[in-house]
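>>> Provide a 3D model corresponding to the input given below.
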Amino acid sequence: MAMRSSDFPELLDTPLRKIFFLSLENSRPEYQRWINIVETKRAFEDDLRMAEFGSIPQHTEGSTPLFEDAIEGTTKRYAPLEYVGGYIITQVLREDELHGIMGRMTEGLRESQRNLFEVQAYNILNNSTTATTTRLQGFDGLALLSAVHPNLGNPDTQANKPTTDVTLSQLAVENAVNTMTAWTNEKGFPVFHTPSLAIVDTSDQFIAAKIFKNAMRYDTANHEENWVKQGPDMNGISEFIASRYFTATNQWFLLSEKRKHDLNMFIRVHPQFETSIDFPTGNLIVKTRSRLFTSFGRWPGVYGSKGF
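Below you'll find the predicted structure:
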């Protein structure tokens, strides 16, 4: 439906002092700080899970050595989804509007695209305990957060969430780091996943600042050093994002650096903007379009709790 002059009579008058349309500057995008952005030129991308080799056994002279086969797991497909929106303005409204707002409408579409990218990125975290669709499942068929992630090469399972969800606290973070330190690869070898970033809800931003920014612990009267921030081996967590895109309060996540986790945004088409004039009506038609897909394959590198 087109926007007509009768819908915006105030814009046809001049005494207006100020119009609040995109009047405030936004901060830089959140999602770019934590998600892996992958440019793709294909209709879909596939990732494959494989298990490493096991331990090298002792060899008896003259006997046949152990030749081990690699284990192939499942694939994960990333197929970009299409997002399209826009608006229509009548020729009369474009001619008679006196404040230049109609000329700024495309800026509004740009903000809508930016919000889309944030929402789609955070879809991974907001649905981290849901596995109802393949998009929300990893290689193992489970949600991002699980206490029973199976391995390919051995019968053990691993957890990247507490047995019972807990809210953000100094002790909860310490337990999370200990769990991440104990993770192994598919064959049970130790792997190294050091958390470098926390993502919390805005309602927990002051608690997060106390945990990740203080040189000393805030929850004790003994003036102990804050080893969460400093790290037992200078590998602490000192950065956090107070997300405005969480759909559940009190959830929180610890992430390894980007190259160590598998939270991905595949971008097939960056936001495009097209305009045209409809000849019979003179209406201005503006459209924006993008194609992207966010999901994950491997869970290591991410620890989280949905709170309660």
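
>>> ranges for the helices of this protein?
Here the chain has its helices, by DSSP state H, at 91-96, 105-126, 170-181, 205-213, 227-230.

>>> between those helices, which one is nearest to residue 76?
helix 105-126 (12.8 Å; CB to CB). From N, CA and C alone the C-beta is placed, and that goes for glycine too.

>>> so which bits of the closest one are buried?
Within helix 105-126, the residues that count as buried by 16 or more other CB atoms under 10 Å are 105, 109, 113, 116-118, 120-126.

>>> and for stretch 187-205?
So stretch 187-205, judged by 16+ other CB under 10 Å, has buried residues 187, 193-201, 204.

>>> same deal with stretch 233-244?
Buried-residue list, stretch 233-244, by 16+ other CB under 10 Å: 236-237, 240-243.

>>> CA atoms of that stretch as PDB?
In PDB, the C-alpha atoms belonging to stretch 233-244 read as follows (Å, rounded to 0.1, in the frame of the first residue of the first chain):
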ATOM      1  CA  ASP A 233      47.900 -18.000  33.100                       C
ATOM      2  CA  MET A 234      47.200 -14.500  31.800                       C
ATOM      3  CA  ASN A 235      44.300 -15.900  29.800                       C
ATOM      4  CA  GLY A 236      41.400 -14.200  31.600                       C
ATOM      5  CA  ILE A 237      38.100 -12.700  30.300                       C
ATOM      6  CA  SER A 238      38.100  -8.900  30.300                       C
ATOM      7  CA  GLU A 239      35.600  -8.200  27.500                       C
ATOM      8  CA  PHE A 240      31.800  -8.600  27.400                       C
ATOM      9  CA  ILE A 241      28.900  -7.600  25.300                       C
ATOM     10  CA  ALA A 242      25.700  -6.500  27.100                       C
ATOM     11  CA  SER A 243      23.300  -7.600  24.300                       C
ATOM     12  CA  ARG A 244      20.200  -5.800  23.400                       C
END
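
>>> out of the buried residues of stretch 233-244, who's nearest residue 154?
Of all the buried residues of stretch 233-244, residue 237 has the smallest distance to residue 154: 29.8 Å, by CB to CB.

>>> hmm, residue 189 is touching residue 52, no?
Yes. Using CB atoms under 8 Å, residue 189 makes contact with residue 52 at a distance of 7.1 Å.

>>> could you pull out the strands for the stretch 51-200 of the chain?
Under the criterion DSSP state E, counting those that start in this stretch, the stretch 51-200 of the chain contains strands at 71-78, 81-89, 149-150, 157-158, 195-201.

>>> which elements pack onto the fourth one?
Using 3 or more CB pairs under 8 Å, 6 or more residues apart in numbering; DSSP states H and E as the contact criterion, the secondary-structure elements in contact with strand 157-158 are strand 149-150.

>>> could you spell out the sheet neighbours of the strand it packs on, each with its direction?
Note on strand 149-150: by DSSP bridges, its sheet partners are strand 157-158 (antiparallel).

>>> which residues does residue 225 contact?
Residues near residue 225 by CB atoms under 8 Å, 6 or more residues apart in numbering: 215-217.

>>> list only buried entries from these.
Buried subset of the contacts of residue 225 (neighbour count, 16+ other CB under 10 Å): residue 217.

>>> adding pLDDT and distance to residue 232, write the contacts of residue 225 out as TSV.
Converted to TSV, the contacts of residue 225 look like this (pLDDT from 0 to 100; distance: CB to CB, whole Å):
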residue	pLDDT	distance to residue 232
215	85	15
216	84	16
217	84	14
